[in-house]
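1. When you get a sec, could you give me coordinates for this:
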Amino acid sequence: MKSNNYIPRIVENYAFDEALTGRHMVFLAGPRQVGKTMLARHWLKKTGCASLYFNWDDIYTRQAYLADSRFFESPARSLSIKNPWIAFDEIHKRNRWRDILKGAYDLFGDEFRFLITGSARLDLFRHSGDSLVGRYNLFHMMPLNIGEVTHMVRKACFLKERDFDRLADIFKERISRLPPPGITEAYTGLWRYGPFPEPFLRQNDRFCRKWHQDYLSLVVRQDLRDISRVVELDKVENLLFLLSPRIMAPLSMANLARELEVAHTTVKSWLEQLKRLYLVFPIAPWTRKIPRGLKKEKKWYFLDWYYAPEGPARLENMTATYLYRACLAMSDMGYGNYSLHYLRTLDKKEIDFVIVRDNRPILAVEVKSDDSTLSRTLKARRRWFLNTPTLGVQVVDRRGFLQKYPDNTWIMSVERLLSLLP
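-> Prediction:
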């Protein structure tokens, strides 16, 4: 680790690329305490603009704006830097924040670059009337992964390849290399302490347990109340505890509703709100041209796999989180519309995860704790993915394991696959 504990994040490699963003404002959304502020400060320092960080939770920033809506102009011009970066942190908590940004961008978009960081509201406003259309690009900053922790110099992810044969060849070449040093240690630390920077960097069990307890309470009792009208916060916290042992199977909303003594629609609404707060995320079944496919129930996972029970459930949740964030990253980078699904038929044939790009499956993943026998469903996946070649991977919780099978099918240790994902 670097001495200042700053871990470079993968999102930096593309969120600030003008070839991708043009001169649009860069919106960076993600969970609370994921490191957005640290990244913003690091980027400003790197570009010589350290003095141009403005936190709108700070009363001095708000007073400066009230006194002069162009309060940031003089500090930016005084640096004598071409295209200086200005960071507005937590501005989405202010009234009329979109109008503030629209005015700033329309006046100075040709001279200044703007980085806007925030969490749920920053991502949520896209679903309503958006006065900022054509002025911003939204990117997602997720918790730590193996590549970030080990400071791996990463080439473009194999998932970007449009030609399947090339995708399979690149995957084979990269997965067959000797893993870089530190991957096993990084995987073990992330498994034990979770992917959020503070508990991971502390590497202390007591601190980690306390941090995760407080984090759930803080997000539910402060952030949830901020973005919704939910008042039964105790029941929402109980919902998260009830969700933990259910993450490996399609979720029955009706059963949860009975246990919580609320309506089915209420549980569904609460889960959607928790998704917006980056606590949980759903995976829908893939049903396109799947005979006897399960069509309705989603699986739900925690973004932070620490909340999943240790053992097979945590392994599956950890893998789900990596695949989910890979889909977000690949979509953010403009390589296509990526989404994560699972496959399950009424006769109980199942593949844990399927990555789909532009409505075509490209990667099927099975998770087995220590079973090195190839899954029959994964082996026979062509039966469901007709005329669509897919890469098949079965991950196991056994260090250093790697075997190849026909039809671009592999069994490997879980950290090998995860280390290749953005």
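
2. which parts of the host helix or strand of residue 88 are buried?
-> Here residue 88, judged by DSSP states H and E, is contained in strand 85-89. By neighbour count on 16 or more other CB atoms under 10 Å, the buried set for strand 85-89 is 85-89. All C-beta atoms are positioned from the backbone trio N, CA, C, and that covers glycine.

3. now swap in stretch 276-284 and tell me
-> 276-281, 283.

4. cool, stretch 381-394 as well?
-> Within stretch 381-394, the residues that count as buried by 16+ other CB under 10 Å are 381, 384-385, 388-394.

5. now those residues as JSON lines including pLDDT, secondary structure and distance to residue 169?
-> JSON lines is the format used below for the buried residues of stretch 381-394 (pLDDT from 0 to 100; DSSP: H, G, I helix; E, B strand; the rest coil; distance: CB to CB, whole Å):
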{"residue": "381", "pLDDT": "93", "secondary structure": "helix", "distance to residue 169": "19"}
{"residue": "384", "pLDDT": "86", "secondary structure": "coil", "distance to residue 169": "24"}
{"residue": "385", "pLDDT": "88", "secondary structure": "coil", "distance to residue 169": "19"}
{"residue": "388", "pLDDT": "91", "secondary structure": "coil", "distance to residue 169": "18"}
{"residue": "389", "pLDDT": "95", "secondary structure": "coil", "distance to residue 169": "12"}
{"residue": "390", "pLDDT": "97", "secondary structure": "coil", "distance to residue 169": "15"}
{"residue": "391", "pLDDT": "98", "secondary structure": "strand", "distance to residue 169": "11"}
{"residue": "392", "pLDDT": "98", "secondary structure": "strand", "distance to residue 169": "15"}
{"residue": "393", "pLDDT": "98", "secondary structure": "strand", "distance to residue 169": "15"}
{"residue": "394", "pLDDT": "98", "secondary structure": "strand", "distance to residue 169": "20"}
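
6. Backbone torsions only: list them for residue 343.
-> phi -120, psi 130 (degrees, to the nearest 10).

7. if we can go back for a sec, and which of the buried residues of strand 85-89 is nearest to residue 305?
-> The closest of those to residue 305 turns out to be residue 89 (CB to CB; 27.4 Å).

8. my read: the closest one touches residue 40, true?
-> Yes - the criterion here is CB atoms under 8 Å, and residue 89 meets it with residue 40 at 6.1 Å.

9. so what sits against both of the two?
-> Applying CB atoms under 8 Å, 6 or more residues apart in numbering, one finds that residue 89 and residue 40 are jointly contacted by 53, 117.

10. quick one on the thing from earlier: format the buried residues of stretch 381-394 as CSV; extra columns: distance to residue 190.
-> CSV is the format used below for the buried residues of stretch 381-394 (distance: CB to CB, whole Å):
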residue, distance to residue 190
381, 29
384, 32
385, 31
388, 32
389, 31
390, 27
391, 24
392, 25
393, 19
394, 21
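
11. These: which two are farthest apart?
-> Using CB to CB, those reach their maximum pairwise distance at 388 and 394, which is 19.1 Å.
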